[in-house]
Structures are given as C-alpha cells and as structure tokens.
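1. model the following, please.
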Amino acid sequence: MRFSYAVAAFGVVQLLVFACIARHIPFYGDEVWYFDKSKLIAPLVLNVVRFDFDGAGKVLDAIIGRGWFMPGMSIVVFPVTFFTDSAAMIRLYLGALNFAAVVTILAYLRKEYGGRGPWIYLLCCLAVPYYLVYSFALWGDLFAAHLLLCLLLLVFHRRNDSRSPGLTLGLAVGVALGMITMVRGFYWMFAPLFVAIFVLRTPARETPSVRLRLAAAPSGAMFLALAVVLAPWTVAITQRAGFHMTTTSTTLSRIVLLGSDEYFRGIKGRTPCGPDGSQPPRDISSLDNYVRCTAFRERRTFAEHSRSELALATAGVPYAYMVSRVTANVRKFVFDSERFLTIFARVSSSSTGLPPSEWRQALLETLMKWNYWGWRALLTIGILLFLSPMAPTPGNLLLSTIYKYSVVIYSAHPFMVDAHGRYYVEYIPLIAAATAAFARTPKPLFAWQHPNDSLQWLVLVGQAIALLVAPALAIAYFAAM
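-> Below is the predicted model:
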C-alpha cells in the first residue's frame, strides 16, 4: 500500500473533522489561558528589545501567573495569535502541526515496518474519534505525545548505526526533550529512557561496563542540554514561588486527590484566607488562593507552604481511603473517555455555521458511541502488549523498552495527582505505534529466548517487574470497588 495514500486518507479525515466539528468549538477551560498568554509574548519581546526590563518583568509575571501551566503551547500558537484571534484559524494551525507530526511518525514506521505499518497506526488512531478532534485542541497533551514519539522513533531508527551515540545526538535529544517539556511539564521524566536507549545502542560486543562508559557522554550531554533549555523557566518560576522545576500545581493536585475530608472542612471559612464555602469542597483554585494567602501571612514561599499543607492534609489518612481515592481517580483517567466529547458538543451547540447544530450534535453522539468501544478495544491491545514479555534485542527496542517505559510514565498520572478523562489521549499514538511494530515485525517478539548479555537480562528483569506491578495495581483497583 502506497505511503502517499495513507497520508492523503488521514488528511481528508482530519479536514472533515475540522469542517464539521473542530471549527465550531470555542476555546474552553485551560485553552483560554494558553490563548491569553500567547497575546503577551509580543509585549514581552518588545520590552526586552527596548531594554525595558521592568516592563518585561511585569509581562513575565502575567505570563507565569499562578504557575499552573507551561508556556510552550502559548509560544507554539503565537505566530497565529499575533495576527488573528479566530479560534477556528488557531485550531486549523494546530491541526496542521499535529498532521505534520503524524506524517513524520508514519514515515518512520514505513522505514521500519514496511508499507502496512502506517496503515495499522492510522487504523488504531481512527478507532478513537476523540483523538481526531483533539488534534485541533490548544491543550498540549497530544502534540507533546506526537513530538515525543517522533523523537523516540528517530533515535530508535538510528540503532543500526555502527557507531555509538555521540555528543551531538545527546545534545539534540536534550534540547528536543526540553522543548517538549515546555509544552507538557512532566516530559523531563523520559530522560532515563533515552539513557537506556543510548546504552542499548552501543556495540553489543563490548562488555557492560564499556557500554555504560560509552553511553555516559551522550547521556551527560542530554541532561546538560535539557537543564539549559528549562533553566530560564525554572529560575523565573522559582523566584516567584520557591523551587519548582516546571509547574506549581502538582502539590496542590496531590492535596485535592489524597487530602482528607476533615482537612477541607477545616480550611473552609478560615479567615482571611479560607474558601467561603461557595466553591466545590475540593476546588483547586480556591485551595491555591488559600495556600498563597497563608504563605504570604507566614512569610514563607509558596513551595514550602504547599508541601506543609500536603503533609497536613494527608496526616493520619488511612490506606483504605487513599486506595479508594486513587481508584476513583484511575476510573476517571481511563474510563471517562467521552467527557470532553460531551463538553465539545455542549460548547459548540451555539455555533450557527454549517453543518447545522442539530447535525453536529447527532454526529458527536455517534462519535461518542464509536469512541466508547474503540478506546476500550485499543486499551485492551495496549495492556496485552504491555504485559507480554518482549525479546530484549536491538531490533525490538520499541516494544521491549520504549513502549513499556512510556506506558509506566503516562500511567503514573492518576496515582499521583488529580486526573480526569482528558489525558488518556496521550496513550493513543504510543499504543498505535506499538501495535504496528508488533504486527509487522517478522522475527519472534516474545522473550522465550536466552538473553545474550547482562544488559539484555536487565531489560528482561524490568519487564518481569512490570508483570508483577500491573496485577498488583489491578488487585488494589478492584479491591476498592
């Protein structure tokens, strides 16, 4: 099957989704923040060029705000928001960026797995309509996932290079990973995965100690470049709220997730900082106001005081309570899969463009039913691929190491912070690529073969640990039902 046909088919589907659905959706929730902050980039640059650093500082304060969000998506859409405020034009631009990223992914899959690899990837993505609509969203979840997959496939594709990874590759990966982290704040956590890839890409004939030494230089270069890219943002937010590498909302979100009911009842109405009771009991915005107010009164940084509040909120909380909270959180994260399609249907209902609102609502309702079963089918495939021990060979690096590590990182979200049914979109390109790799790899993939060296044994042990952890989490999940 020709590669150009796959690209054209995906492009046609995306244009239809944009014309029928995406262009009618106004900015919602966090998207408004990203749009508003993108309008401040031009004044910031202008003040810096004029050497008006006081003015630049005030604009930067406005961009950082509470520090909940990374500025990457605001920077990404700035070339469009500088000229227009049209949500439809901005969504079309975002759709084009995601389309370009998908085409890059398809090109790598074709090189690795032949002409059918891209088609398998696209069929997996088309099974989940939410993925198609989300390609036009101003949230950075899917765009960051696409960029990470492009970077992983680039490094994976170069595994046949007889030379060990060098400083140039390490620097390039560090810069790229830093830029992705500016879009989604937790992506620096993928740095150890690239260290593992660098080690596994060294010549297999060398001893493990030599291979580790060969991978040390590119790994060090990667961490250095990653730190340099993130440093301006980290310094700016740390000056305003105490040390935070990326965002300030993580600790607050953990309080919302794991804090006791007694804690939230205790802060309600506490003058002059406590919520007045009109907000929901676990509202993160009112919690943020409370922590900032009390930190100011006690002359502490926001970071210090938020950690103290986390300790206070979780003190004496029974394990069973935490399990029940996390269980509900996992359900929202994984199985509340139509929540944002429902929101998109609601906020776009007032649009007067074509097709008529009644047709759009009927189309979205059909897509929700399709999405319900499509996501669960794709999730089942993803779980089976994760639980299956894969041969730890250089040619099988995507399934044995990259896929499993990435799934663990994405899956940590609902166990650590408050979640909802938006973030699962990050799994979709990853599972789709893994499915294409599994379906099109000619050699046996399962690890019923003796590893050749200690590093391959290490990969296999890591997979065994994953096999043990996954059922344990499942038991804890269903035990609390």
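2. tell me where the model's unsure across the stretch 101-250 of the chain.
-> 158-162 (pLDDT under 70).
3. for it, what spans make up the helices?
-> For the stretch 101-250 of the chain, the helices defined by DSSP state H, counting those that start in this stretch occupy 116-126, 129-134, 141-157, 167-183, 191-200, 208-241, 249-258.
4. Tyr319 and Gly259: what is the separation?
-> 15 Å (CB to CB, to the nearest Å). C-beta coordinates here come from the backbone N, C-alpha and C atoms, glycine included.
5. compare those two (neighbour count), which wins?
-> Gly259 (22 against 8; other CB atoms under 10 Å).
6. tell me how many other residues crowd the nearest residue to Gly174 once chain neighbours are set aside.
-> Take Gly174 and drop its neighbours on the chain: the residue closest to it by CB to CB, 6 or more residues apart in numbering is Ala225, 2.7 Å away. Neighbour count for Ala225, taken as other CB under 10 Å: 20.
7. now for Ile105: which residues touch it?
-> Counting by CB atoms under 8 Å, 6 or more residues apart in numbering, Ile105 touches Tyr121, His146, Leu149, Cys150, Leu153, Pro429, Ala433.
8. let's see that with 10 Å instead.
-> Contact analysis of Ile105 by CB atoms under 10 Å, 6 or more residues apart in numbering lists 117-118, 121-122, 125, 146-147, 149-150, 152-153, 429, 432-433, 436.
9. tell me the spacing between the spatially most central residue of the chain and Arg339.
-> Per CA atoms, centre = their mean, the C-alpha nearest to the average position across the chain is that of Asp141, at 4.5 Å. As judged by CB to CB, Asp141 and Arg339 stand 14 Å apart.
10. find residues that contact each of these two.
-> By CB under 10 Å, 6+ apart, the residues touching both Asp141 and Arg339 are Arg422.
11. Arg2: which of the contacts of Ile105 is nearest?
-> Minimum distance to Arg2 across those is 9.9 Å, recorded for Pro118 (CB to CB).
12. from what I see, Thr342 and Ser349 are in contact.
-> No - in this structure Thr342 lies outside contact range of Ser349 using CB atoms under 10 Å: 11.2 Å.
13. could you find the closest non-adjacent residue to Leu287?
-> Leu252 (5.6 Å).
14. still on that earlier bit, so what sits against both of Thr342 and Ser349?
-> Leu364.
15. residues near Ser86, how many?
-> 13.
16. right, and Gly174 touches Ala221 too?
-> Yes - contact status for Gly174 versus Ala221: in contact at 6.4 Å, counting by CB under 10 Å.
17. between the two, which one's more packed in?
-> Gly174 (26 against 22).
18. ok, now which ones touch the more buried one?
-> Taking CB under 10 Å, 6+ apart as the criterion, Gly174 is in contact with 188, 191, 194, 218-230.
19. state the pair within those residues that is farthest apart.
-> Largest pairwise distance in the contacts of Gly174, by CB to CB, is 18.5 Å, between Pro218 and Leu230.
20. okay, these two: which has more neighbours?
-> Neighbours per residue (other CB under 10 Å) separate Pro218 from Leu230, with Pro218 holding more: 27 against 21.
21. would you confirm that that one contacts Ala191?
-> No - applying CB under 10 Å, one finds Pro218 not in contact with Ala191, separated by 11.8 Å.
22. what touches both of the two?
-> With CB under 10 Å, 6+ apart as the test, Pro218 and Ala191 both reach Val173, Gly174.
23. isn't Arg346 right up against Gln361?
-> Yes - the pair Arg346 / Gln361 is scored as a contact, 9.3 Å apart, by CB under 10 Å.
24. per-domain residue ranges of this structure.
-> 3-245+336-479, 249-322 (automatic domain parsing).
25. most tightly packed of these?
-> domain 3-245+336-479 (a mean of 18; mean count of other CB atoms under 10 Å).
26. any idea how far that one is from the middle of the chain?
-> 5 Å (CA atoms, centre = their mean, to the nearest Å).
27. and Thr327, how far is that from Ala320?
-> 10 Å.
28. the residue nearest to Gly174 reaches Thr181, doesn't it?
-> No - under the criterion of CB under 10 Å, Ala225 makes no contact with Thr181, lying 11.6 Å away.
29. what residues does stretch 282-293 touch?
-> Taking CB under 10 Å, 6+ apart as the rule, stretch 282-293 contacts 66-68, 241, 248-249, 251-253, 255-257, 259, 261, 263-264, 267-268, 270, 272-280, 300, 302-303, 305-310, 313, 417-418.
30. now, which of the contacts of Ile105 sits nearest Gly166?
-> Leu152 (18.2 Å).
31. I'd say that closest one and Leu430 touch.
-> Yes - with contact defined as CB under 10 Å, Leu152 counts as touching Leu430 (9.0 Å).
32. what touches both of the two?
-> Leu398, Ile402, Tyr403, Ser406.
33. was I right to think the first one contacts Glu112?
-> Yes - the criterion here is CB under 10 Å, and Leu398 meets it with Glu112 at 8.0 Å.
34. can you list residues touching both of the two?
-> Listed contacts common to Leu398 and Glu112 are Leu153, Phe156, His157, Arg159, Ala433, Ala436, Ala437, Thr441; contacts here mean CB under 10 Å, 6+ apart.
35. give me the contact list for stretch 84-93.
-> 14-15, 18-19, 21-28, 31, 34-35, 38-39, 76-77, 79-81, 83, 133, 135-138, 351, 353.
36. sort out for me which of the residues you listed are in helices.
-> 14-15, 18-19, 31, 34-35, 38, 76-77, 79-81, 133 (DSSP state H).
37. residues contacting Ser350?
-> Contacts of Ser350 (CB under 10 Å, 6+ apart): His24, Pro26, Ser357.
38. distance check, Ala137 against Phe344.
-> Ala137 is 9 Å from Phe344, by CB to CB.
39. okay, and the common contacts of those two?
-> Ala22, Ile25, Tyr28, Tyr130.
40. looking at those, which two lie furthest apart in space?
-> Taking CB to CB, no two of the shared contacts of Ala137 and Phe344 sit farther apart than Tyr28 and Tyr130, at 14.4 Å.
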